[in-house]
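Student: Predicted coordinates and the sequence they were generated for:
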There are 2 protein chains.
Amino acid sequence: MWERGVAMYRTRLDRENEPGVKKVSRSVIRRLPVYLRVLDNLIGNDVEVISSRELSERTGFTAEQIRKDLAHFGAFGTKGTGYNTEALRSEILKIIGLHEKTAVIVVGAGHLGTALTRYNVNKNPYTHVVAAFDTSPEVVGDKILDVEVLHVSEMEEVVSKHNVRVAILAVPSEHAQAAADQVAGSGVKVIFNFAPLWVRAPDGVFVHNADLSVELQSLIYYATKEREKAH
Amino acid sequence: MWERGVAMYRTRLDRENEPGVKKVSRSVIRRLPVYLRVLDNLIGNDVEVISSRELSERTGFTAEQIRKDLAHFGAFGTKGTGYNTEALRSEILKIIGLHEKTAVIVVGAGHLGTALTRYNVNKNPYTHVVAAFDTSPEVVGDKILDVEVLHVSEMEEVVSKHNVRVAILAVPSEHAQAAADQVAGSGVKVIFNFAPLWVRAPDGVFVHNADLSVELQSLIYYATKEREKAH
DNA sequence: CAAGACATGTTACTTTATTAACAAGGTAAT
DNA sequence: ATTACCTTGTTAATAAAGTAACATGTCTTG
């Protein structure tokens, strides 16, 4: 009775230390799509198995780090052999949530928004830009490749209809926060913001600010000093 | 004699641990331009003094972190008061190397390259795009705002003439590595690469790969799960 | 001019991330 | 079947980054 009681208590503590979902760091999540791209290439070349050491050579990350990253989510490899490329690809797709094509909207159909729409449509097999939005009558109604530019008033309907969870923001900074509020209000869960302003969003909405000016300015630090390579 | 010998030995070891220049992490360097932007705004509004606490509210970083970041480079504040906005701005400019306008080239004058050229010219007071480059006769000779599109064969001359140390790469991935080799060969010290491929460069050249597809894919992870905000 | 309030910069602590080491499992060849 | 060789996944050690605490110094106010 006592031993059993103690054992049960310990178990409860262990559960508390590992509260349901183990939290995985942003750094790990960022590396997963890099593994994915390499796997896509390998599969395209009919390579069926890959070791962490070979993945290391193709990604620049260390083999230990790759194994550890994957271990966060399960044991996908075979000792002595490595990872089956198809199986690992499939697992990573499931982890990220790319197993079905993700609907994305682009807000702001200026030069940057247009370029990002084309870039994404052409370069990314896992996401799909369902529409771009703008307020200017000059661009509303246009098409960017096969993507229609709609008026922002139609955003909520489109988001709802296509179950859009990701928005790319490429509007002038003076409208960025308002645009962020609107997309968040429409039900979007992730905002990828290119405006040179750090937008805020309610809890539950994940914001990634990709301020290219700030990024460029930070890089200039390395233009004068002799330093190691990035990433 | 013995004690002195030991003491000297220890000192030598300490020096080796701290080799002349103290290394400052990428994370710190990335935050500096954010402080800079806030300072620019404050100065525009004739604010002369700012505390780390107020900077914290405007940047989202903690006050402790801001103080610690700045402390890497010196003591710029006044106890009891805070930081003089003009003076701190000036210090950060010197730290990053932005005290004189930095010459930048854009390689690849497609949609993304054009958008980045316009974005940078309009949004960034500290850098100056001196030219864009392409190989296609259709775009060579065009102008993007007031930036000329030149043939890549002229790159080395332009880089040398304007002392260009930073290149933005926006070429198709199949040409990215060749383009990186060429700009590195021209004497550029920093490569900001937007091609969906991790380019490599010789030692002494700092590469930052900004693969937007990979970034977007990693964000999708947060579209399904409930998670905290980024950055 | 003394005292209270305030903010920096430094040092110590905690947390997180990366690197290394290794035990256990699996393959292939003899 | 046994041996030699690989490679994974886990645990341990190291390094890095972020957070907190506080001693020191400055300003302001009565």
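Tutor: Sure thing, it's come through.
Student: Run through who's touching whichever strand in chain A runs longest.
Tutor: The longest strand of chain A (DSSP state E) is strand A:127-134. Residues outside strand A:127-134 that contact it (CB atoms under 8 Å, 6 or more residues apart in numbering or on different chains): A:98, A:101-110, A:113-114, A:117, A:120-121, A:140, A:144, A:147-152, A:154-155, A:158, A:162, A:164, A:166, B:216-217, B:220. Glycine gets a C-beta too; all of them are placed from N, C-alpha and C.
Student: Longest helix in chain A, please.
Tutor: Identified as the longest helix of chain A according to DSSP state H is helix A:26-44.
Student: after that helix, next one along is what?
Tutor: strand A:49-50 (DSSP states H and E).
Student: From the chain's centroid, how far away is that following strand?
Tutor: Chain-centre distance of strand A:49-50: 25 Å, with CA atoms, centre = their mean, to the nearest Å.
Student: and it, what other elements does it pack with?
Tutor: helix A:26-44, strand A:83-84, helix A:85-96 (3 or more CB pairs under 8 Å, 6 or more residues apart in numbering or on different chains; DSSP states H and E).
Student: change it to 7 Å
Tutor: Identification of packing neighbours for strand A:49-50 by 3 or more CB pairs under 7 Å, 6 or more residues apart in numbering or on different chains; DSSP states H and E yields strand A:83-84.
Student: Next, count neighbours for A:Arg187.
Tutor: To be clear, residue A:187 is Gly; Arg isn't right here. With neighbours defined by other CB atoms under 10 Å in any protein chain shown, the count for A:Gly187 comes to 14.
Student: An error on my part: the question was meant for A:Glu138.
Tutor: With other CB under 10 Å as criterion, A:Glu138 counts 9.
Student: pLDDT wise, what is it at?
Tutor: On pLDDT, A:Glu138 comes in at 97.
Student: about what we covered before: enumerate the positions of the longest helix of chain A that are buried.
Tutor: Within helix A:26-44, the residues that count as buried by 16 or more other CB atoms under 10 Å in any protein chain shown are A:28-39, A:42.
Student: How about stretch A:70-87?
Tutor: Across stretch A:70-87, burial judged by 16+ other CB under 10 Å covers A:70, A:77, A:82-85.
Student: Same check on stretch A:186-200?
Tutor: Quick answer for stretch A:186-200 (16+ other CB under 10 Å): A:186, A:188-199.
Student: DNA strand C: which of those is nearest?
Tutor: Ranked by distance to DNA strand C (CB to the nearest atom of the strand), these are led by A:Val190 at 18.5 Å.
Student: Hmm, the closest one is touching B:Ala223, no?
Tutor: Yes: under the criterion of CB atoms under 7 Å, A:Val190 makes contact with B:Ala223 at 4.7 Å.
Student: Find residues that contact each of these two.
Tutor: Common contact partners of A:Val190 and B:Ala223 (CB atoms under 7 Å, 6 or more residues apart in numbering or on different chains): A:165-166.
Student: tell me the contacts of A:Leu55?
Tutor: Here A:Leu55 is in contact with A:35, A:38, A:66 (CB under 7 Å, 6+ apart).
Student: how deep is the last one tucked in, by neighbour count?
Tutor: The number of residues packed near A:Ile66 is 21, by other CB under 10 Å.
Student: Spatially central, which residue of chain A would that be?
Tutor: Closest to where the C-alpha atoms of chain A average out (CA atoms, centre = their mean) is A:Arg30, at 7.1 Å.
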